[in-house]
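J.: sequence and predicted model, in that order:
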Amino acid sequence: MMRFKQIFSQVVASFFIVWTISGCAALQETMASQMEVPTLENQANRVAIGMAIVRENAIMENLEISSDAAWPAMVCAQIDEKQKEFIERAVMYDAYYATAHYTKAIQRRMLGSGSLMNEFGDVGNLAAMAMDQSISPLSYKAFHKIDVLFSNPDLKSQSAYRSQEEYFRERTKNWPNIFSFKSVGSFLEFNNAKPVRIESPQGDIYKNINTAMLALAPVSLAKDLEISQNEYDTSLEEVEALKMQLGDLTSQLESSKANASIKSEIALKEEEIKSAESIANEKERIYFTQLDRMVVEIENSVDTKDEDYKKLAHNINIVAKEIQSSSYEAYLTFSVALTNITVNKSLQNFPNELKSLLIGKVFIPPYLQSKYNERVARIVENSLLVLPNVFVGSYYAAKQSSRAAKFEAITDKILEIYDVKAKQDYAQKQTNK
């Protein structure tokens, strides 16, 4: 039996390794979470990446767009090896990445591996250590978008700087601190940085992807679409506020003796959320119905002489596809983090985690002690905010995916209608010759 268990463990561990290497980013993220030390800090960082993705999606939803805008292709581009290498070096200025490899060994010795890998005993622990990654798969995508959206407009070529370090610092000087959960203003905004204007398009410029969608609609439907669009957005904001409150209460529940009182408040808040979500779902249904009407009208009115119309639809389509896939990945990230926090009892074990960090302090070089102090202060602060961000982030990721999927389907249909009509017009011209 013991021999069978050893063989089984080796096979499963090998399967996990192959799956991690070959799978998509979302699957890789799930398995990566089992390779790392099961700390609350790792889950908080995972949630921070999910938040960053949701906020990047919100930025893409609200960037000026036109038929000739180049930013959709820039933001949605595949990450090449050069960009990946840059990200790996750039993130080492962060407090966690700068010091984690010094404390990881002692933390793994004290806290173990993910609960799934612990099921496989020593084999699982060895596999976890071998496959543990300092930068998670989805982090590369998140940081790539950060690099584009928060680029330094005054950046010169790398050869103009005295050192590689100086170049990295200049290139990343406008980046937001995505690992801080401090919230100022809207949840959907980075609280310590504003995106740059990537370019200056020459065509008709629309305020955001929503107004661009209105521009694709027949004039007879534009006003109704705008009204339903605004009502839908307002309903989402109301749910956001309630979910933040629920997250605060859930965090309090973990550290309070007045459990009965807090559980009662949570039950009431969940009822409020259920009601608010019902309203938001109805607003979404009305809005999406208007978009479907728009396609029917377009079939009878598309003008194939208007090339900008097709190019605008194409740019919206690119952005919608990216937001849909990214929001799905963000949603999975929140789910993975919440599952690991629950299964590994990360909140209850947080005192032991802090103890492991305290012991690990002796391994931190003197020049990184300030980074270490920043890292510890951040996780203490984030420990109270990780669950509120999970709840709100999950909700927004789901809604971003829903809207983006609709925009993608609508623009797919518009482009198809345009191409069919163009072929018909061409055939008619040939007939009339």
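T.: All right, it came through fine. Numbering: from 1, shown residues only.
J.: how many neighbours does the closest residue to residue 365 other than its chain neighbours have?
T.: In this structure, residue 365 finds its nearest non-sequential neighbour in residue 102, 7.5 Å apart by CB to CB, 6 or more residues apart in numbering. The C-beta positions use only the backbone N, C-alpha and C, and glycine is treated the same way. Neighbours of residue 102 under the rule other CB atoms under 10 Å: 16.
J.: my guess is residue 102 meets residue 364, correct?
T.: Yes - Residue 102 is within contact range of residue 364, at 5.2 Å (criterion: CB atoms under 8 Å).
J.: about what we covered before: could you check how far the residue nearest to residue 365 is from residue 372?
T.: Here residue 102 is placed at a distance of 8 Å from residue 372 (CB to CB, to the nearest Å).
J.: find residues that contact each of those two.
T.: In terms of CB atoms under 8 Å, 6 or more residues apart in numbering, residue 102 and residue 372 are both contacted by the residues residue 364.
J.: on that earlier part again, show me the contacts for the residue nearest to residue 365.
T.: With contact set as CB under 8 Å, 6+ apart, residue 102 has these partners: 360, 363-365, 368.
J.: just the buried residues out of these, in PyMOL syntax.
T.: In PyMOL, a selection of the buried entries from the contacts of residue 102 looks like this (16 or more other CB atoms under 10 Å):
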select buried, resi 360+364
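J.: JSON lines for the contacts of residue 102, including secondary structure?
T.: Below are these laid out as JSON lines (DSSP: H, G, I helix; E, B strand; the rest coil):
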{"residue": "360", "secondary structure": "helix"}
{"residue": "363", "secondary structure": "helix"}
{"residue": "364", "secondary structure": "coil"}
{"residue": "365", "secondary structure": "coil"}
{"residue": "368", "secondary structure": "helix"}
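J.: just the closest of the contacts of residue 102 to residue 34, please.
T.: Checking the contacts of residue 102 against residue 34 by CB to CB gives residue 360 as the nearest, at 21.6 Å.
J.: contact partners for that closest one?
T.: Residue 360 makes contacts with 102-103, 106-107, as judged by CB under 8 Å, 6+ apart.
J.: any idea how far it is from residue 102?
T.: The gap separating residue 360 from residue 102 is 7 Å, by CB to CB.
J.: following the helix or strand harbouring residue 44, which helix or strand comes up?
T.: Assigned by DSSP states H and E, residue 44 belongs to helix 40-62. Downstream of helix 40-62, the next assigned helix or strand under DSSP H and E is helix 71-75.
J.: for that following helix, packing partners?
T.: Other elements packing on helix 71-75 under the criterion 3 or more CB pairs under 8 Å, 6 or more residues apart in numbering; DSSP states H and E are helix 137-149, helix 307-343.
J.: quick check: nearest residue in space to the most centrally placed residue in the chain, chain neighbours excluded?
T.: Closest residue to the average C-alpha location of the chain: residue 53 at 2.0 Å, with CA atoms, centre = their mean. Spatial nearest neighbour of residue 53, excluding adjacent residues (CB to CB, 6+ apart): residue 330 at 4.0 Å.
J.: count of neighbours near the one you found?
T.: Residue 330 is flanked by 30 other residues according to other CB under 10 Å.
J.: that one contacts residue 392, doesn't it?
T.: No - using CB under 8 Å, residue 330 is not in contact with residue 392; the gap is 11.7 Å.
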